[in-house]
Each structure stands twice: as structure tokens, then as C-alpha cells.
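Trainee: got a sequence here, can you build the structure:
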Amino acid sequence: MYINRYITPRIKESLARGDVVILYGARQTGKTTLAKALLTEYEESLYLNCDEPDVRERLTSKTSTELKSFFGSAKFIVLDEAQRIKDIGLTAKLIHDTYPEIKLLLTGSSSMDLANTIKEPLTGRSMEYILYPLASTEVAKSELEAERLVEKSLVLGGYPKAWSMSHDAAAAYLRNLVNNYLYRDVFSTNTVYDVDIMDNILRLLAFQVGSEMSYSEVGSHVGINKETAMRYISLLEKAFIVFRLPQYCKNERNEVGRLRKVYFYDLGIRNGFVDNFAPLTHRNDVGALWENYCVVERYKYLQKSGVYARHYYWRSNTQQEIDLVEEIGPTTTAYECKFKDQKVKKPTVFATDYPDIPFLVISKEHFGGFIY
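Mentor: Predicted coordinates:
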């Protein structure tokens, strides 16, 4: 069953303007499915899988005439996993400038490998989007239904293929992704990393969701130095597996700004790394799951709304903490994520330093307007 993705209308608008569209996202989040759905809306279209060696050969170091001969009469072209093409930015620029009637969509599973080769050549010619795993607004028809699906989302995440499976089948699929496939074919051959170190870091981060993370601490746990730990986490972020949240640090007298929190783009993947797909009634990490869920679903909600925001967490030297501080233009709001509805007071240090910032609690029973 095809699930309509809310990002699709924005991609169509960019294509209609003549932009080269770059669609990022982790493997298996639905980039190819979305692209192929768009292909059906054009009479003359062409899908090219850049994992195929002959496709790479036909798109590498070619003249505009050679490219047009390859594309034929196609007016809409999808280059899937475009980071595989050497100098893809120059090739895309050549296509865009020489044949403006051709609409071009590039997908990539690694923002590092694709962005590094495409941003400068396509300056002023492209629009970038991230396709997240399924959002609550894409699978639920109402806020009430979204509430009913929360437990499934916290345990199995939002990978489209897993969403349509039974619980046991989805758990097996996610375990396979985690153990065999998740990031191993994302990076180029020039990216050097140790698979065992990467897996150990991912498992450590999975257990630390919702907690402050020190790069030195991560390094000491897996036997690497601080700088190497930072590099590995950066690689995972560029593969859209995890993302970092910096500390809100307007008053350095009370706040320490060198630590980070790390969250997973998908909780099914996170649960795969800790090998726990048990229901919420049999878990001791519900608070961390809910916090991760709220943060990443907020990202998706704002993307759907076309709103740009900056996000942080806040923590004082006295260990008072707020899960999410959000800046939208001149407006700042603080959010605390609690799975069960309960009264929570604004931390006294935060209230003293930021008396004008509103403080809201997001619970399973009250998330309207925040993630749905």
C-alpha cells in the first residue's frame, strides 16, 4: 500500500519552478517509492539506479550531447542514489543549464557524499529536502488515531516496509536492517571507518537516548579518542541514522555548552540496536523513547508546515533540565516531554534566567499542535 508523503507537494512545486531537487534520507525510508510515484505523473520519464555500474558509466564525464542521447525524450529524470556518480554536481549542472526542459530529481542516502559534490555546482539551481521515516500525520487520519498508534511508533518506528508488517515480522526486518544493511553501503569507498567501532557506538548511543553525551565518554567506552568519536557520530548523522541536539546556552554562568544529546531518526532502528521490541508495559525506557519520539516528530511536523526552527535542550549546572527549546524567528518556547500526563513546573533556574519563555508539557494525551 502506497502511503502519501506530505513532502511530495513541495517537491512538485520545486520541480515546476525548474529547480534540481535533491532528496536525502536513510536507506529504506521511501525515497525510491516516492520518486517512482512522481514518475507516473509524467508521460516521458526515466528512472536510473546509480548503484548499477553501467548507469554510473553512462553518466560519468559525458558531454551534454552524450547525456541527451542517453536520456532520449525523457522530460523527467530520477537519479537514485546519485552520490554514486563521480562529479554528479557538474553533470546535474550541465543537464540543467543545457536542457532546461528536463526536470531532475536526485536522491541520496549520504548527505556527505552527495552534498560535497553537488552544492557548489548547483548553487542557486537546487532545492534540498529530507525524507524522514513515516510521520504521525502520514499514517493517522486524526489526532485520536495518532494517539492510538503511539505505542506502535515507539516500538517499531516509522520505516514504511515495517509499518505494514505484523509485529514479529517488523521486528525481524528491523533487526536485519540493523545487523546487515543500515549504513554499510551508504558511504563512498573513500570513507574510512571500522564497522565494529561504528556498531559499538550505535549501541552505546541507543542506550543513552535522552541523556547528555560526552564525546570523551563515548570514545573511552569503545577504545577511541574524542576526535575519532566525534567523526564517527558525524558520519552517522550524515547517513540520517542519528542527529545531535546542542545545548541552549544564552547564560553561560549557569549552563555548560559543550555536551550534546543524540537522538535516532527512527525508534525501530534504535530498538534494533538494543534488541528490544517488547511492548511498553514491559520496558523501563519509555521516557527516553517518548522524548526521542517528540523531538523527531516535531522535526517532521515543522517540515510539513514549511517552518524553519532551531532546536536545543537546556541543562543547568544544578542538573535542572528541559527536553526541547525551540526558536522560530524571534519566538522561543520550552517543551518538556512526559509520556503520562502530569504537572511539571518550569525549572527555577530557567524561570529566573528566561522568565518570558513559555513552558509546555507534551504528553501522550496532549500533543495536538505539536506533532499533529
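Trainee: so what pLDDT did the residue nearest to residue 309 when sequence neighbours are not counted get?
Mentor: Nearest non-adjacent residue to residue 309, counting by C-beta to C-beta, 6 or more residues apart in numbering: residue 328, 4.8 Å away. C-beta here means a position set from N, CA and C on the backbone, and glycine is covered the same way. Residue 328 carries a pLDDT value of 98.
Trainee: and the helix or strand of the chain with the lowest mean pLDDT, how far out from the chain middle?
Mentor: Within the chain, confidence by mean pLDDT, DSSP states H and E is lowest for helix 111-118 among all helices and strands, at a mean of 74. In terms of C-alpha atoms, centre = their mean, to the nearest Å, the centre of helix 111-118 is found 16 Å from the chain centre.
Trainee: name the element residue 95 belongs to?
Mentor: helix 88-98 (DSSP states H and E).
Trainee: next structured bit after that helix?
Mentor: strand 103-108.
Trainee: name the helices or strands packed onto that next one?
Mentor: helix 8-17, strand 20-24, helix 31-39, strand 76-80, helix 88-98, helix 111-118 (3 or more C-beta pairs under 8 Å, 6 or more residues apart in numbering; DSSP states H and E).
Trainee: go again using 6 Å as the cut-off
Mentor: strand 20-24, strand 76-80 (3 or more C-beta pairs under 6 Å, 6 or more residues apart in numbering; DSSP states H and E).
Trainee: in a markdown table: these, plus distance to residue 123.
Mentor: Below are the helices and strands packed on strand 103-108 laid out as a markdown table (distance: least, C-beta to C-beta, whole Å):
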| stretch | distance to residue 123 |
| --- | --- |
| strand 20-24 | 11 |
| strand 76-80 | 19 |
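Trainee: so where's the stretch 201-350 of the chain shaky on pLDDT?
Mentor: 251-259 (pLDDT under 70).
Trainee: hey, where'd the strands end up in it?
Mentor: 212-213, 242-246, 260-264, 310-315, 321-328, 331-337 (DSSP state E, counting those that start in this stretch).
Trainee: can you list the strands that the last one pairs with?
Mentor: Which is strand 331-337. strand 321-328 (antiparallel), strand 359-362 (parallel) (DSSP bridges).
Trainee: distance of the residue nearest to residue 339 when sequence neighbours are not counted from residue 202?
Mentor: Nearest non-adjacent residue to residue 339, counting by C-beta to C-beta, 6+ apart: residue 290, 4.1 Å away. Distance from residue 290 to residue 202, counting by C-beta to C-beta, to the nearest Å: 21 Å.
Trainee: repeat for residue 19
Mentor: From residue 19 to residue 202 the distance is 34 Å (C-beta to C-beta).
Trainee: with neighbour numbers in mind, choose between the two.
Mentor: Neighbour totals were compared for residue 19 and residue 202, and residue 202 leads with 25 against 20 (other C-beta atoms under 10 Å).
Trainee: contacting residues for that one?
Mentor: Applying C-beta atoms under 6 Å, 6 or more residues apart in numbering to residue 202 gives the contacts residue 273.
Trainee: run the last query once more with 7 Å
Mentor: Neighbouring residues of residue 202 by C-beta atoms under 7 Å, 6 or more residues apart in numbering: 236, 273.
Trainee: for residue 232, see how far away it is.
Mentor: According to C-beta to C-beta, residue 202 stands 9 Å off from residue 232.
Trainee: could you do residue 40 as well?
Mentor: Distance from residue 40 to residue 232, by C-beta to C-beta: 40 Å.
Trainee: of the two, who's got more company?
Mentor: Taking other C-beta under 10 Å, residue 40 and residue 232 do not tie; residue 232 has more neighbours (23 against 8).
Trainee: so that one touches residue 197, yeah?
Mentor: Yes: Residue 232 lies in contact with residue 197 (C-beta atoms under 7 Å); the separation is 6.5 Å.
Trainee: neighbours of the residue nearest to residue 132 when sequence neighbours are not counted, just the number please.
Mentor: Nearest residue to residue 132, sequence neighbours excluded (C-beta to C-beta, 6+ apart): residue 300, at 5.1 Å. Residue 300 has 22 neighbouring residues, counting by other C-beta under 10 Å.
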